[in-house]
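**Q** Just the structure for this:
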Amino acid sequence: MLIIAAFYLVANVALISFGKVMIISQIEKNLHAKASLEKVTFSLPLSININKLSIEGLLKADSVLVSPSIMGFLAGRVILNSLKIARPEITLTRDSEGKFNLPRIESKGKAPSILLAGLKIQDGKLIFLDKKIDPDGYRVIVDDINVDIAKVAFPPTSLYTNFKASAIFVNGANSPAGKSIASGWIDFGPKDMDGKFELKDVEAVVLSPYYQNIIPGKKLHSGKLNFIVDLKAKNNDLLVKCHLEFSDIVYGKEEGEGKNSVSDLFSDALGIFSDASGRVTFDFSFNTKLDKPRVDLINLKGTIAQAAAQNIASQPPENVIEKVKETAKKFKEFGKSLKDIFKKEE
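**A** Below is the predicted model of the structure:
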């Protein structure tokens, strides 16, 4: 007990005297960003506590607790039994050229392998500033981020890991605008997985600038997005099943927009895929690998197109025929209007 007490005292004195300077120096050297922290302390059985950590332009956190594994050090590996981050605030920025402010760690020689056995994030916040969309920085905020990832303790050789996470989207009025949830397990040994990711009642307008390529000339006034992804893997073969649903879609009128405009025609065409309540739903899936997930965009577009066809096929024929007729009629009227305009110009 005396030896443990003496070790604890010496470790704290060393960290208080040299740890703060050493940690700040390493962060600034590797991340090329100014860093600061309030203090560093040591606690039993083996944990390093960092209070009030700040990395300029990237991260602020009330506390960071790191618990390394002694057995891992003896085996020549860097194993972190636990990493806990309390109230982190992450600022992610994309400049006008599309580059992110994520630091690039420069390593000389072969970097040691690091295994993270547990991660906890409490009351986190992500602020995304997109200067490619808006020169002043279009802001997307995700708040109340909580993450819990833990590897099973026994047997020690197992790579079976449970995970759960949740977060809340925030709108321009700083009010909740939908929720994100993830849960499940993953085993990196046999490369098996069973998990689920959900977006619940997300206000579609929060991400409206990113819809401009999909909805040209149309301003989204309001709407709800629900998205469910089931992730199941066996022997590294990962099946991703997706359910996408839009509801309560309302489009705003742009200045100068009138009857039979391109925007109106688009919303009418989109209405072909909606059910009686106005919801637009798509169910699609694709296969990939758990250790190296890849999305084939060409195949994915074909899958979504097939899902759209199934969506139409599931509706009563008379409803689909009526929608198609109405949309075709408006396209015809729109074409006639354009023809008249060109005649006047001639």
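
**Q** quick one, strands of the stretch 1-150 of the chain?
**A** Here the stretch 1-150 of the chain has its strands, by DSSP state E, counting those that start in this stretch, at 35-36, 39-43, 47-55, 59-68, 78-86, 89-94, 114-116, 118-130, 138-151.

**Q** And the stretch 151-300 of the chain, by the same measure?
**A** Assigned by DSSP E, counting those that start in this stretch, the stretch 151-300 of the chain shows strands spanning 160-170, 176-187, 192-203, 219-234, 237-252, 280-289.

**Q** tell me what the fifth one is packed against?
**A** To tie it back to what came earlier, the one meant is strand 237-252. Using 3 or more Cβ pairs under 8 Å, 6 or more residues apart in numbering; DSSP states H and E, the elements in contact with strand 237-252 are strand 219-234, helix 262-271, strand 280-289. In short, each C-beta sits where N, CA and C put it, glycine included.

**Q** Could you list the paired strands of that strand along with their orientation?
**A** Applying DSSP bridges to the sheet, strand 237-252 is found paired with strand 219-234 (antiparallel), strand 280-289 (antiparallel).

**Q** Identify each buried residue in the last one, please.
**A** Read that as strand 280-289. Val280, Thr281, Phe282, Asp283, Phe284, Phe286, Thr288 (16 or more other Cβ atoms under 10 Å).

**Q** Tell me the one among those residues nearest to Val147.
**A** Nearest to Val147 among the buried residues of strand 280-289: Thr288, at 23.2 Å, using Cβ to Cβ.

**Q** Surely that closest one and Ala233 touch.
**A** No - the criterion here is Cβ atoms under 8 Å, and Thr288 misses it with Ala233 at 9.2 Å.

**Q** Okay, now the unreliable bits of the stretch 51-200 of the chain?
**A** Scanning the stretch 51-200 of the chain for pLDDT under 70 picks out 70-78, 105-114.

**Q** could the buried residues of strand 280-289 go into JSON lines alongside pLDDT and distance to Ile141?
**A** Shown next, in JSON lines, are the buried residues of strand 280-289 (pLDDT from 0 to 100; distance: Cβ to Cβ, whole Å):
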{"residue": "Val280", "pLDDT": "77", "distance to Ile141": "26"}
{"residue": "Thr281", "pLDDT": "79", "distance to Ile141": "28"}
{"residue": "Phe282", "pLDDT": "78", "distance to Ile141": "27"}
{"residue": "Asp283", "pLDDT": "84", "distance to Ile141": "30"}
{"residue": "Phe284", "pLDDT": "83", "distance to Ile141": "29"}
{"residue": "Phe286", "pLDDT": "87", "distance to Ile141": "30"}
{"residue": "Thr288", "pLDDT": "91", "distance to Ile141": "30"}
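
**Q** Closest one to Asp148 out of these, please.
**A** So of the buried residues of strand 280-289, ranked by how close each gets to Asp148 (Cβ to Cβ), first place is Thr288, at 25.5 Å.

**Q** For the closest one, which residues count as its bridge partners?
**A** Under DSSP bridges, the beta-bridge partners of Thr288 are Leu238.

**Q** Could you do Leu80 as well?
**A** Per DSSP bridges, the residues bridged to Leu80 are Pro68, Leu116.

**Q** same question, Thr281
**A** Beta-bridge partners for Thr281, by DSSP bridges, are Glu245.

**Q** Leu238: neighbour count?
**A** Taking other Cβ atoms under 10 Å as the criterion, the count of residues near Leu238 is 19.

**Q** give the contact list for it.
**A** Met193, Leu231, Lys232, Asn287, Thr288, Lys289, Leu290, Pro293 (Cβ atoms under 8 Å, 6 or more residues apart in numbering).

**Q** what's the answer for Phe197, then?
**A** Shown in contact with Phe197 (Cβ under 8 Å, 6+ apart): Ser180, Ile181, Ala182, Phe227, Ile228, Val229, Leu231.

**Q** rewinding a little: any chance of CSV for the strands of the stretch 151-300 of the chain, columns distance to Leu2?
**A** Output for the strands of the stretch 151-300 of the chain, formatted as CSV (distance: least, Cβ to Cβ, whole Å):
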stretch, distance to Leu2
strand 160-170, 38
strand 176-187, 43
strand 192-203, 48
strand 219-234, 51
strand 237-252, 54
strand 280-289, 54
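
**Q** that older thread, for the strands of the stretch 1-150 of the chain, which one sits closest to Ile24?
**A** Comparing these by Cβ to Cβ, strand 35-36 comes nearest, at 5.0 Å.

**Q** Residues touching the closest one, excluding its own?
**A** So strand 35-36 is contacted by Ile23, Ile24, Ile27, Glu28, Lys52, Leu53, Ser54, Ile55, Glu56 (Cβ under 8 Å, 6+ apart).

**Q** Lovely, talk soon.
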